[in-house]
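Q: Need coordinates for the below:
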Amino acid sequence: MSEPYILYGAPHSLYTGKSRAYLRKQGVRYVEKSPGEPAYRNEVMPRIGRSIIPVLVCPDGTIVQDSVDILDHFEANGAPVSARPPGPRQLIAAHVLEIYGSVGMTRHAMHYRWSYADQQLTFLKDAFAGRGDPQAAAAVMGRMASYLPALGVTPDTIPAIEESYLRLLDILQAHFADHPYLFGGQPSLGDYGMLGPLFAHLGRDPVPEAIMKARAPKVYRWVERMNAPDADIPEYRGYPAGYLADDEIPQTLRPLLAHAAEELFPELTDKLAFLARHVAEQGCRPGEPVSAKPHQRMIGRVATSFRRVPFESGAAPYTMYLWQRITDDYAAMDAAAKASVRELLADCGLLPFLEAERPFRVERRDNIEVWG
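A: Numbering: from 1, shown residues only. Down below sits the predicted model:
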């Protein structure tokens, strides 16, 4: 038997949770290890250039960093339970919910973890320290909490964030009353993208977990289902395996897509305009790292808004890397498929994903974001 994959991550890590669930669904033989392991510091970090999780080390020594790239690695090699729906509408909608979970919902996740830190401090200390140094863990916790303003978590936005989260739970509760996953009987890129925040932070930390259990038990059950190695749908008696036939978008999913649109825009538009100016003014060349240091994810601050509440947000080129997944797959479709996708996105307020002009690309080379 070949050596197992190694997943460097943490139980409380948003993006590790997404990657772990995917590996389980695919039946991948893996061992999860802490980034505190000497092998991570001595062998992995020098190759990826920064301290970051999750990181997948393949049996042949290949290193894949970033949850999106980890999923793509297996999808490209014939995943047994593919996260890419075959229908064009389902695929693009899955990408939209992937970026909503990975970018839009980070605000909810970080707010409920750190704004309520005092009410769940024992849990958080245990999660971040594990069997390690409590003082080092406290420093990490302080650094994570300091990111809140750049993520748009401020006294002004917090009421809108909490209202948004409760609305999201209600939408998902209604959808999961009829369907085990977003697009039928099989988890998609959208399911994995949304699982990150809905499990590691909102489905584990005591304060938001209690809200989810009390208000949306079917969402909590979906979180459990996503972490199971099988489909885990006994309550959906007779529900067929696989994605819904005929590229169907359930009516219960349309409110979720509209909800995502309201929260992703205009923020994404504002960040795109900022990054376009940055590229033009700095003369960024293809192949150059997007930031001066590998660990630096944000390269400036942008005046924007969340549900019409103004704030200043950090601009991360990585967000454009996710946006490109939508337009790249759309560009590869035939005319009929494109028309069908445009109709869906127009109906849900998501056409800016296709119509906004992006005069640059962001790629990944050797596990670092570079200008494309």
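
Q: Ramachandran coordinates for residue 294?
A: In terms of degrees, to the nearest 10, the main-chain angles of residue 294 are phi -60, psi -30.

Q: Run a quick neighbour tally on it.
A: 17 (other C-beta atoms under 10 Å). C-beta coordinates here come from the backbone N, C-alpha and C atoms, glycine included.

Q: What residues does it make contact with?
A: For residue 294, the contacting residues are 48, 49, 50, 368, taking C-beta atoms under 8 Å, 6 or more residues apart in numbering as the criterion.

Q: top of these by neighbour count?
A: Top of the contacts of residue 294 by neighbour number is residue 48, holding 19 neighbours under the definition other C-beta under 10 Å.

Q: Without its sequence neighbours, what residue ends up closest to that one?
A: residue 367 (4.5 Å; C-beta to C-beta, 6 or more residues apart in numbering).

Q: Low-confidence stretches in the stretch 1-150 of the chain?
A: When residues are selected by pLDDT under 70, those of the stretch 1-150 of the chain lie in 1.

Q: Show me the helices in it, by range?
A: With DSSP state H, counting those that start in this stretch applied, the stretch 1-150 of the chain shows helices at 14-26, 38-39, 45-48, 67-75, 88-99, 106-110, 121-129, 134-145, listed in chain order.

Q: Can you tell me the element residue 271 falls in?
A: Taking DSSP states H and E as the criterion, residue 271 maps to helix 267-282.

Q: tell me what that helix is packed against?
A: In terms of contacts (3 or more C-beta pairs under 8 Å, 6 or more residues apart in numbering; DSSP states H and E), helix 267-282 is packed against strand 301-306, strand 309-314, helix 318-331.

Q: Pull out the buried residues from the longest one.
A: When you say that, I think you mean helix 318-331. 318, 319, 320, 321, 322, 323, 324, 325, 326, 327, 329, 330 (16 or more other C-beta atoms under 10 Å).

Q: Quickly note the distance from the closest residue to the third one other than its chain neighbours to residue 290.
A: The reference is to residue 320. Excluding the flanking residues, the one nearest residue 320 by C-beta to C-beta, 6+ apart is residue 362, at 4.6 Å. Counting by C-beta to C-beta, to the nearest Å, the gap from residue 362 to residue 290 is 6 Å.

Q: Look up the residues that both of the two are in contact with.
A: With C-beta under 8 Å, 6+ apart, residue 362 and residue 290 have common neighbours 317, 318, 369, 370, 371.

Q: Could you double-check that residue 250 sits in contact with residue 180?
A: No: counting by C-beta atoms under 8 Å, no contact exists between residue 250 and residue 180, whose distance comes to 11.6 Å.

Q: More neighbours: which of the two?
A: Residue environment comparison for residue 250 versus residue 180 gives the larger neighbour count to residue 180, 24 against 14, counting by other C-beta under 10 Å.

Q: residues contacting the more buried one?
A: Under the criterion of C-beta under 8 Å, 6+ apart, the neighbours of residue 180 are 222, 225, 231, 232, 233, 236, 239.
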